[in-house]
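**Q** predicted model and sequence below, questions to follow.
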Amino acid sequence: MPQTKIKIISAAEELFAEKGVKETTIAAIARKAGVADSNVYLYFKSKQDLLFSVAYERFLEALDMLNEHLQGITEPWSRLSKMIWYSLRYNDQHPEYVRILLFECRSRKQYYTSPAYSLMRRHAGILLNILQQGIDQGDFRSDINPALIRDVVYGTFDFETISCLAAGEIKESIHDLDDLMLIFRLMLSPPSREMKEKDKEARILAAAEKAFSRYGYNHAKVTDIAGMAHVAEGTIYEYFKNKEDLLLTIPARRFQDHLKKMPETFHIKTPLRKLRRFMRYHFSLYLPNRDFLRVFLLDVQLNIRFYRSSAYQDYKKYIATFEQIVREGQEDGSFRKDINPRVLRNMFLGAFSHMALRWIMIGNGEDIDKMHEIDEVIDLFANSVIKGSNL
């Protein structure tokens with residue numbers, strides 16, 4: 001890269017961090033870089049192009065360093081822990097750059113079609129490979145959705161940064177590493193043998209439900225169901241007498257579940273139900289209004305001035321409810337006491353933000369079952385806090 005271009009990018013990064021993009025002029029950048037204004041336009045089409053170039057160069061550096069840190073580490077849990085450690089440490093060491101990326105780049109729609117974002121996708125690809133490796137080797141649960149875990153991880157990075165740079169809750173995010181890894185282990189670790197048996201039966205029932213819906217009961221074959229459930233055909237007969245028994249067990253399990261949950265449906269007492277209700281309520285507040293969701297995600301949540309406003313004080317009281325519910329569960333003994341409520345809150349808010357961004361900003365028109373993804377992520381968080389959760 002030409003030395004002049006490097007000087008311009010360096011000067012721009014410093015001024016963007018100090019004054020913000022809006023208050024920084026091309027003339028000021030050129031003056032700080034020691035070049036003529038016209039030289040800036042030799043390399044960059046606009047101030048926004050220069051802004052995204054700052055992000056691009058930093059991402060390139062971060063990718064190279066991440067790959068270097070992962071060299072020689074083969075075990076999936078170690079690779080995941082190293083990636084999370086490295087990302088938290090990098091963000092702590094480069095707060096001004098992270099401020100630019102989160103509050104200046106990520107709040108602009110054009111960023112999601114820029115070369116800088118393509119590097120972010122490559123970065124995310126490393127994480128997805130780690131997750132898939134863990135699934136394939138049996139270190140991680142086989143039923144997790146890697147895309148959702150990716151949203152949780154990157155959303156966590158965002159809200160740990162917000163806790164440091166905007167909300168002022170913590171000074172460095174690296175100190176949350178152990179708390180984060182505990183929750184990720186609770187989310188991703190394979191279930192116990194007893195839970196595996198229950199999971200296998202649930203997989204068979206889910207596959208049967210899908211097969212009966214798709215082909216009709218008369219045309220659906222047990223072999224089809226076994227294939228969809230990823231079990232041998234003989235395994236189905238260990239749990240069910242025949243295809244009819246399988247059919248009739250589907251509504252039986254549903255009704256049993258409804259009866260079990262009914263007492264709490266109208267009068268919520270347990271912290272776990274409260275936590276589930278809060279998470280579902282959070283999604284329901286934003287998803288029905290696509291316009292407000294877009295404005296909140298890009299113009300409010302990624303605007304550093306929001307965290308200095310009176311509006312943030314109201315928002316802070318609202319999200320404090322999440323932490324209060326977790327503490328309530330810890331006090332009555334139903335939730336694990338080693339869970340950090342603030343860290344869990346950051347992880348949930350981050351997961352929500354990245355899931356919503358993927359749905360409204362960077363989806364490729366694919367048919368996304370949003371309700372199913374919401375159920376999945378709520379289960380991940382709810383199951384991770386339960387006392388006695390498997391590790």
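**A** All right, it came through fine.
**Q** give me the below-cutoff pLDDT ranges for the stretch 201-350 of the chain.
**A** For the stretch 201-350 of the chain, the stretches with pLDDT under 70 are 255, 257-268.
**Q** mind listing the helices for it?
**A** For the stretch 201-350 of the chain, the helices defined by DSSP state H, counting those that start in this stretch cover 222-229, 233-239, 243-265, 271-286, 290-295, 310-331, 341-360.
**Q** buried set for the first one?
**A** If you call a residue buried by 16 or more other C-beta atoms under 10 Å, then helix 222-229 has these buried ones: 222, 224-226, 228-229. For glycine as for every other residue, the C-beta is placed from the backbone atoms N, C-alpha and C.
**Q** mind giving me TSV with those and columns for distance to residue 85?
**A** As requested, those are exported to TSV (distance: C-beta to C-beta, whole Å):
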residue	distance to residue 85
222	47
224	44
225	43
226	41
228	38
229	37
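**Q** state the distance from residue 213 to residue 247.
**A** 12 Å (C-beta to C-beta, to the nearest Å).
**Q** and those two? Which one has more around it.
**A** Of the pair residue 213 and residue 247, residue 247 is the one with more neighbours under other C-beta atoms under 10 Å, namely 15 against 10.
**Q** quick one, what contacts that one?
**A** 208, 212, 217 (C-beta atoms under 8 Å, 6 or more residues apart in numbering).
**Q** include distance to residue 42 when you put the residues you listed into JSON lines, please.
**A** As requested, those are exported to JSON lines (distance: C-beta to C-beta, whole Å):
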{"residue": "208", "distance to residue 42": "65"}
{"residue": "212", "distance to residue 42": "65"}
{"residue": "217", "distance to residue 42": "69"}
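**Q** tell me the most packed of those residues, by neighbour count.
**A** That'd be residue 208 among the contacts of residue 247, by other C-beta under 10 Å, with 25 neighbours.
**Q** isn't that one right next to residue 250, touching?
**A** Yes: Residue 208 lies in contact with residue 250 (C-beta atoms under 8 Å); the separation is 6.4 Å.
**Q** mind giving me the domain split of this structure?
**A** 51-140, 193-264, 267-385 (automatic domain parsing).
**Q** what about the last one, distance to the chain center?
**A** If I follow you right, that is domain 267-385. Distance, stretch centre to chain centre, for domain 267-385: 11 Å (C-alpha atoms, centre = their mean, to the nearest Å).
**Q** buried residues in stretch 348-361, which are they?
**A** 348-358.
**Q** C-alpha coordinates for it, PDB please?
**A** Extracted in PDB, the C-alpha atoms of stretch 348-361 (Å, rounded to 0.1, in the frame of the first residue of the first chain):
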ATOM      1  CA  PHE A 348     -29.000 -11.800  25.200                       C
ATOM      2  CA  LEU A 349     -29.200  -8.200  24.000                       C
ATOM      3  CA  GLY A 350     -26.400  -8.900  21.600                       C
ATOM      4  CA  ALA A 351     -28.000 -12.100  20.300                       C
ATOM      5  CA  PHE A 352     -31.300 -10.200  19.700                       C
ATOM      6  CA  SER A 353     -29.500  -7.300  17.900                       C
ATOM      7  CA  HIS A 354     -27.500  -9.600  15.500                       C
ATOM      8  CA  MET A 355     -30.500 -11.800  14.800                       C
ATOM      9  CA  ALA A 356     -32.700  -8.800  14.000                       C
ATOM     10  CA  LEU A 357     -29.900  -7.200  11.800                       C
ATOM     11  CA  ARG A 358     -29.600 -10.400   9.900                       C
ATOM     12  CA  TRP A 359     -33.300 -10.600   9.300                       C
ATOM     13  CA  ILE A 360     -33.800  -7.000   8.200                       C
ATOM     14  CA  MET A 361     -30.500  -5.800   6.800                       C
END
